[in-house]
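> Predicted model, plus sequence, below.
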Amino acid sequence: MMPVILLLLIAGLVLESTVTTLPLILIILILATVTAKSQSVFALAFVFGLLLDLFAMRTIGVSSIFLLVCIWLIFLYQRKFEIRTYYFVFLSTGIASFFFLMLFSQKDIIPEVLLSSIISIAGFFIFLRVSHIKTKQQTL
(Lines give C-alpha, C1' and ligand atoms only; values in the text may rest on other atoms or scores of the structure.)
Protein backbone atom coordinates (compact mmCIF):
# COMPACT_ATOMS: atom_id res chain seq x y z
CA MET A 1 0.00 0.00 0.00
CA MET A 2 2.90 2.39 0.69
CA PRO A 3 4.16 2.46 -2.93
CA VAL A 4 0.68 3.50 -4.05
CA ILE A 5 0.54 6.20 -1.38
CA LEU A 6 3.98 7.44 -2.42
CA LEU A 7 2.91 7.69 -6.07
CA LEU A 8 -0.28 9.50 -5.08
CA LEU A 9 1.73 11.94 -2.96
CA ILE A 10 4.09 12.68 -5.85
CA ALA A 11 1.16 13.29 -8.21
CA GLY A 12 -0.57 15.41 -5.55
CA LEU A 13 2.59 17.43 -5.03
CA VAL A 14 2.89 18.21 -8.73
CA LEU A 15 -0.81 19.10 -9.05
CA GLU A 16 -1.00 21.14 -5.85
CA SER A 17 2.07 23.19 -6.60
CA THR A 18 1.18 23.91 -10.24
CA VAL A 19 -2.49 23.49 -11.13
CA THR A 20 -4.85 23.58 -8.16
CA THR A 21 -5.15 25.09 -4.71
CA LEU A 22 -6.90 22.03 -3.26
CA PRO A 23 -4.89 20.53 -0.37
CA LEU A 24 -4.24 17.23 -2.16
CA ILE A 25 -1.21 16.32 -0.05
CA LEU A 26 -3.28 16.79 3.09
CA ILE A 27 -6.11 14.64 1.73
CA ILE A 28 -3.76 11.82 0.72
CA LEU A 29 -1.94 11.90 4.06
CA ILE A 30 -5.20 11.78 6.02
CA LEU A 31 -6.35 8.83 3.92
CA ALA A 32 -3.01 7.09 4.43
CA THR A 33 -3.19 7.68 8.17
CA VAL A 34 -6.72 6.36 8.46
CA THR A 35 -6.26 3.30 6.26
CA ALA A 36 -2.65 2.26 6.95
CA LYS A 37 -2.33 3.38 10.60
CA SER A 38 1.44 3.34 10.14
CA GLN A 39 3.94 5.60 11.87
CA SER A 40 5.78 6.05 8.55
CA VAL A 41 3.11 8.58 7.57
CA PHE A 42 4.89 11.09 9.81
CA ALA A 43 8.03 10.88 7.69
CA LEU A 44 5.98 11.26 4.51
CA ALA A 45 4.17 14.29 5.97
CA PHE A 46 7.46 15.93 6.89
CA VAL A 47 9.17 15.31 3.54
CA PHE A 48 6.22 16.20 1.35
CA GLY A 49 5.44 19.26 3.47
CA LEU A 50 8.95 20.54 2.84
CA LEU A 51 8.71 19.75 -0.87
CA LEU A 52 5.33 21.47 -1.08
CA ASP A 53 6.76 24.59 0.53
CA LEU A 54 9.69 24.57 -1.88
CA PHE A 55 7.56 24.10 -4.99
CA ALA A 56 4.86 26.55 -3.89
CA MET A 57 7.48 29.13 -2.84
CA ARG A 58 6.24 29.49 0.74
CA THR A 59 8.11 29.70 4.00
CA ILE A 60 9.88 26.37 4.37
CA GLY A 61 8.55 24.17 7.15
CA VAL A 62 5.12 25.69 7.66
CA SER A 63 3.29 23.02 5.66
CA SER A 64 5.33 20.28 7.32
CA ILE A 65 4.39 21.48 10.78
CA PHE A 66 0.72 21.73 9.82
CA LEU A 67 0.69 18.26 8.25
CA LEU A 68 2.53 16.72 11.20
CA VAL A 69 0.08 18.25 13.67
CA CYS A 70 -2.90 16.94 11.65
CA ILE A 71 -1.46 13.42 11.50
CA TRP A 72 -0.57 13.54 15.18
CA LEU A 73 -4.13 14.58 16.10
CA ILE A 74 -5.57 11.70 14.11
CA PHE A 75 -3.25 9.24 15.84
CA LEU A 76 -4.09 10.83 19.19
CA TYR A 77 -7.84 10.43 18.70
CA GLN A 78 -7.79 6.97 17.15
CA ARG A 79 -8.21 5.46 20.62
CA LYS A 80 -11.29 7.54 21.39
CA PHE A 81 -12.99 7.48 17.99
CA GLU A 82 -13.40 4.96 15.24
CA ILE A 83 -11.31 6.61 12.54
CA ARG A 84 -12.01 4.16 9.72
CA THR A 85 -15.46 5.58 8.99
CA TYR A 86 -16.76 7.84 6.26
CA TYR A 87 -17.94 10.38 8.85
CA PHE A 88 -14.51 10.71 10.43
CA VAL A 89 -12.77 11.04 7.06
CA PHE A 90 -15.29 13.64 5.88
CA LEU A 91 -15.09 15.74 9.05
CA SER A 92 -11.35 15.46 9.62
CA THR A 93 -10.57 16.34 6.02
CA GLY A 94 -13.05 19.20 6.08
CA ILE A 95 -11.70 20.70 9.29
CA ALA A 96 -8.05 20.23 8.31
CA SER A 97 -8.68 21.61 4.80
CA PHE A 98 -10.45 24.63 6.26
CA PHE A 99 -7.48 25.55 8.46
CA PHE A 100 -4.97 24.73 5.72
CA LEU A 101 -6.78 26.97 3.25
CA MET A 102 -7.15 29.71 5.86
CA LEU A 103 -3.37 29.67 6.27
CA PHE A 104 -2.37 29.44 2.63
CA SER A 105 -5.21 30.26 0.21
CA GLN A 106 -7.47 33.02 1.59
CA LYS A 107 -10.05 32.78 -1.23
CA ASP A 108 -12.92 30.43 -2.12
CA ILE A 109 -12.41 28.49 1.08
CA ILE A 110 -15.86 26.94 1.56
CA PRO A 111 -16.22 25.42 -1.94
CA GLU A 112 -12.68 24.04 -1.74
CA VAL A 113 -13.34 22.55 1.70
CA LEU A 114 -16.47 20.82 0.41
CA LEU A 115 -14.67 19.55 -2.68
CA SER A 116 -11.76 18.34 -0.55
CA SER A 117 -14.15 16.43 1.70
CA ILE A 118 -15.91 14.85 -1.26
CA ILE A 119 -12.57 13.85 -2.82
CA SER A 120 -11.51 12.33 0.50
CA ILE A 121 -14.69 10.26 0.74
CA ALA A 122 -14.18 8.96 -2.81
CA GLY A 123 -10.53 8.22 -2.07
CA PHE A 124 -11.44 6.48 1.18
CA PHE A 125 -13.94 4.30 -0.67
CA ILE A 126 -11.23 3.31 -3.17
CA PHE A 127 -8.63 2.72 -0.43
CA LEU A 128 -11.05 0.46 1.45
CA ARG A 129 -11.86 -1.54 -1.67
CA VAL A 130 -8.20 -1.99 -2.57
CA SER A 131 -7.25 -3.03 0.96
CA HIS A 132 -10.24 -5.39 1.15
CA ILE A 133 -9.23 -7.05 -2.13
CA LYS A 134 -5.63 -7.27 -0.96
CA THR A 135 -6.59 -8.96 2.34
CA LYS A 136 -8.88 -11.38 0.50
CA GLN A 137 -6.02 -12.42 -1.78
CA GLN A 138 -3.70 -12.90 1.18
CA THR A 139 -6.15 -15.23 2.94
CA LEU A 140 -6.47 -17.45 -0.14
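Looks like it came in fine.
> contacts, neighbours, all on C-alpha from now
Noted.
> Tell me the buried residues in the longest helix belonging to the chain?
Taking DSSP state H as the criterion, the chain has its longest helix at helix 109-139. Of the residues in helix 109-139, those buried by neighbour count under the rule 16 or more other C-alpha atoms under 10 Å are 109, 112-114, 116-121, 123-124, 127.
> Looking at the residues you listed, which is nearest residue 1?
For residue 1, the closest of these turns out to be residue 127, at 9.1 Å, with distances computed as C-alpha to C-alpha.
> any idea which of the buried residues of helix 109-139 is closest to residue 71?
Nearest to residue 71 out of the buried residues of helix 109-139 is residue 120 (C-alpha to C-alpha; 14.9 Å).
> show me what contacts the closest one?
Residues near residue 120 by C-alpha atoms under 8 Å, 6 or more residues apart in numbering: 27, 28, 31, 89, 90, 93.
> let's see 7 Å
In this structure, residue 120 makes contact with 27, 89, 90, 93, judged by C-alpha atoms under 7 Å, 6 or more residues apart in numbering.
> Over to residue 50?
Residues 60, 61, 63, 64 are the ones in contact with residue 50 under the rule C-alpha under 7 Å, 6+ apart.
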